[in-house]
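Undergrad: fold the following.
(one chain, ligands or ions: 1)
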Amino acid sequence: MARTAALAIALVLGPALAAAAEPPAARQAELLHLLEQDCGSCHGLTRKGGLGPPLLPADLDGKDVAIIALVILEGVHGTPMPPWKSELSDEDAVWLAARLKQGDVP
Ligand code: HEC
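TA: Here you go, the predicted model:
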């Protein structure tokens, strides 16, 4: 049910998320810091997993950037994965999702 709802939202938000512009350089640095400090506390400093699953490119292969961004924004209800939409814009989430997928993270 939660998955169906998430997919329905993705279908609506997908095109909007995909069209989001890149955040400015200063914001990108903040996002990378958040990824290491906050996301890293569950997904591991080097994103190899911990309480949360690993977030390396191989793990995200086959998952759309828009779907990954949606998970980041909305969280996964009933699991420790929190929603980040109060801290991250759509643009931030799409940028992070794309970086994670490409493994383009320091
Ligand atoms: C409190 C722990 C916690 C924090 C902090 C956290 N996550 Fe998660 N995350 C999880 C858990 C647990 C799951 C698995 C949820 C499930 O069972 O589907 C998850 C799932 C995910 C997924 C889906 C992975 C997949 O293969 O489908 C992504 C993407 C993700 N998190 C990204 C992030 C990002 C980016 C951040 C930081 C902005 C973050 N998470 C912070 C615990 C966390």
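Undergrad: show me the helices in the protein, by range?
TA: 2-18, 25-34, 40-43, 57-60, 65-74, 90-102 (DSSP state H).
Undergrad: between the ones you listed, which gets nearest to the ligand?
TA: Nearest to the ligand among the helices of the chain is helix 40-43 (3.0 Å), distances taken as C-beta to the nearest ligand atom. To be clear about C-beta, it is placed using only N, CA and C from the backbone, and glycine gets the same treatment.
Undergrad: buried ones in the closest one?
TA: Within helix 40-43, the residues scored as buried using 16 or more other C-beta atoms under 10 Å are 40, 43.
Undergrad: now that helix - C-alpha only, PDB.
TA: Written as PDB, here are the backbone C-alpha positions of helix 40-43 (Å, rounded to 0.1, in the frame of the first residue of the first chain):
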ATOM      1  CA  GLY A  40      26.100   8.600   7.100                       C
ATOM      2  CA  SER A  41      24.900   7.900  10.600                       C
ATOM      3  CA  CYS A  42      22.600   5.200   9.300                       C
ATOM      4  CA  HIS A  43      23.900   4.400   5.800                       C
END
